[in-house]
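>>> I would like the atomic coordinates for the input below:
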Amino acid sequence: MLSVVIPVYNEAESLEALHAELSEVAQAEGYELDMVFVDDGSTDGSWKILTQLAQKDPRVRALRFRRNFGKAAALNAGFAAARGELVMTLDADLQDDPHEIPRFLAEMEKDLDVVSGYKKVRHDPWHKVWPSRVFNAMVSRMTGVVLHDHNCGMKCYRREIFDEVHLYGELHRFVPVLAAARGYRVGEIVIQHRARQFGRSKYGVGRIVKGFLDLLTVKFLTGFGQRPQHILGTLGLASFFLGMIALLYLAGYWIVAQLCPDWGLTPLHQRPAVIYSIGLLLLGGQLMSIGFLGELILAYHKEDIKTYSIAERTDDPDKESKNADANGKKGER
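Residues are numbered from 1 along each chain as shown. The predicted structure follows:
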């Protein structure tokens, strides 16, 4: 079974057409399709249309949020409801072409776990295209997961990924990066991008700032999520020792000024270097303290956090637990 997860926010005009295209692809390719629409607090009648589609087509299931929680939350809810072993995501605005789905599935057969779409030719205004290209290049460089279009909403995943990758905030665009950090294989295909037919884009210039902050979060999570002291402690030690060296120099300077008043050296209270040196010392101590707190939190919650990802196993842990229970009951008799 193939699940298609579609976040919806004020896309009433495009939903029936999208459903028709998905049904057309499923019929042509013989797919057992599971369509999960997540209404992220729409106010334009999207939910009414979704309920009508669900009544007409048993393959359609719809969820409605009480308010707008964001795309990551909508995808999270959709992934939790998905029934298929493979999960496709696409936007509800008809800019993603459902007829590309067979190409995604063919690419997944090449032993990949994630396939991301690449809108090589985009039908968006320039002020969205160019910042997006700069952002994608930055993400690829900082994370090592080289994709041309991290922001593309059309992607295909193996369902098991979401047992280990959990979304919050606006990290939905970084699922391939988070999955790659767990050892999953990521690929990319060029897809057709269609011009918007209805409504308007839900993203503005503020998306660039939020995206950069999310990138820093992902870089920290994938690089130092299990060892926060390595980054915080390193920065803290560097700051601490720079401050210490500067203070030692200033201490020597003060001694020379006291022993040789005729030299006309500037008094320490008139030198900004004193404040900067103390600031570096305190900053270093704070960074190391935060690092220790991070390590303590990890230590107390280490049983809840898996630091590995198992691809295959030869045993059946469920079977072993059942045998153990059965042996225990025999012993009781």
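>>> quick one: contacts for the nearest residue to Arg61 once chain neighbours are set aside?
Nearest-residue entry for Arg61: Val36, 5.3 Å, with adjacent residues in sequence omitted and distances by Cβ to Cβ, 6 or more residues apart in numbering. Every residue, glycine included, has its C-beta placed from N, CA and C. Each residue near Val36 by Cβ atoms under 8 Å, 6 or more residues apart in numbering is listed here: 3-6, 61-63, 78, 81-82.
>>> Using JSON lines, lay out these together with secondary structure and distance to Arg141.
Converted to JSON lines, those look like this (DSSP: H, G, I helix; E, B strand; the rest coil; distance: Cβ to Cβ, whole Å):
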{"residue": "Ser3", "secondary structure": "strand", "distance to Arg141": "33"}
{"residue": "Val4", "secondary structure": "strand", "distance to Arg141": "32"}
{"residue": "Val5", "secondary structure": "strand", "distance to Arg141": "29"}
{"residue": "Ile6", "secondary structure": "strand", "distance to Arg141": "31"}
{"residue": "Arg61", "secondary structure": "strand", "distance to Arg141": "39"}
{"residue": "Ala62", "secondary structure": "strand", "distance to Arg141": "39"}
{"residue": "Leu63", "secondary structure": "strand", "distance to Arg141": "36"}
{"residue": "Gly78", "secondary structure": "helix", "distance to Arg141": "30"}
{"residue": "Ala81", "secondary structure": "helix", "distance to Arg141": "35"}
{"residue": "Ala82", "secondary structure": "coil", "distance to Arg141": "32"}
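>>> With pLDDT as added columns, please give the residues you listed in CSV.
Compiled in CSV, those are given as follows (pLDDT from 0 to 100):
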residue, pLDDT
Ser3, 95
Val4, 96
Val5, 96
Ile6, 95
Arg61, 95
Ala62, 94
Leu63, 94
Gly78, 92
Ala81, 91
Ala82, 93
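>>> Just send the residues you listed back as JSON lines, with distance to Arg227 and neighbour count too.
Formatted as JSON lines, the contacts of Val36 follow (distance: Cβ to Cβ, whole Å; neighbours: other Cβ atoms under 10 Å):
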{"residue": "Ser3", "distance to Arg227": "35", "neighbour count": "23"}
{"residue": "Val4", "distance to Arg227": "38", "neighbour count": "27"}
{"residue": "Val5", "distance to Arg227": "33", "neighbour count": "25"}
{"residue": "Ile6", "distance to Arg227": "38", "neighbour count": "27"}
{"residue": "Arg61", "distance to Arg227": "41", "neighbour count": "19"}
{"residue": "Ala62", "distance to Arg227": "42", "neighbour count": "21"}
{"residue": "Leu63", "distance to Arg227": "37", "neighbour count": "18"}
{"residue": "Gly78", "distance to Arg227": "32", "neighbour count": "22"}
{"residue": "Ala81", "distance to Arg227": "34", "neighbour count": "16"}
{"residue": "Ala82", "distance to Arg227": "33", "neighbour count": "24"}
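>>> that older thread, is the residue nearest to Arg61 in a bridge, and if so with what?
Beta bridges link Val36 to Val5, Arg61, judged by DSSP bridges.
>>> give me the low-pLDDT residue ranges for this protein?
123-128, 169, 198-208, 225-226, 298-333 (pLDDT under 70).
>>> how's it carved up into domains?
Domains of the chain are assigned by automatic domain parsing as 2-224, 228-304.
>>> so of those domains, which one's packed in deepest?
domain 2-224 (a mean of 18; mean count of other Cβ atoms under 10 Å).
>>> how far does that domain stretch from start to finish?
35 Å (Cα to Cα, to the nearest Å).
>>> you'd agree Arg42 is in a helix?
For residue 42 the amino acid is Ser, not Arg. No. Using DSSP: H, G, I helix; E, B strand; the rest coil, the assignment for Ser42 is coil, not a helix.
>>> Grab the nearest non-local neighbour of Met138.
Per Cβ to Cβ, 6+ apart, closest to Met138 is Leu215, 6.8 Å.
>>> now the strands: where do they sit in this structure?
2-8, 33-39, 60-64, 86-89, 114-118, 155-158, 186-190 (DSSP state E).
>>> so what does the first one touch, helix or strand wise?
So the one you mean is strand 2-8. With contacts taken as 3 or more Cβ pairs under 8 Å, 6 or more residues apart in numbering; DSSP states H and E, strand 2-8 sits against helix 12-29, strand 33-39, helix 71-81, strand 86-89, helix 101-108.
>>> That strand: how far from the chain's middle?
Centre-to-centre, strand 2-8 and its host chain are 17 Å apart (Cα atoms, centre = their mean, to the nearest Å).
>>> Equivalent analysis for the last one, please.
Distance of strand 186-190 from the chain centroid (Cα atoms, centre = their mean) equals 17 Å.
>>> still on that earlier bit, from the contacts of Val36, pick the one nearest Val146.
Val5 (25.0 Å; Cβ to Cβ).
>>> Need the outlier residue of the chain, farthest from its centre.
Going by Cα atoms, centre = their mean, the residue of the chain most distant from its centre is Asp262, 63.5 Å out.
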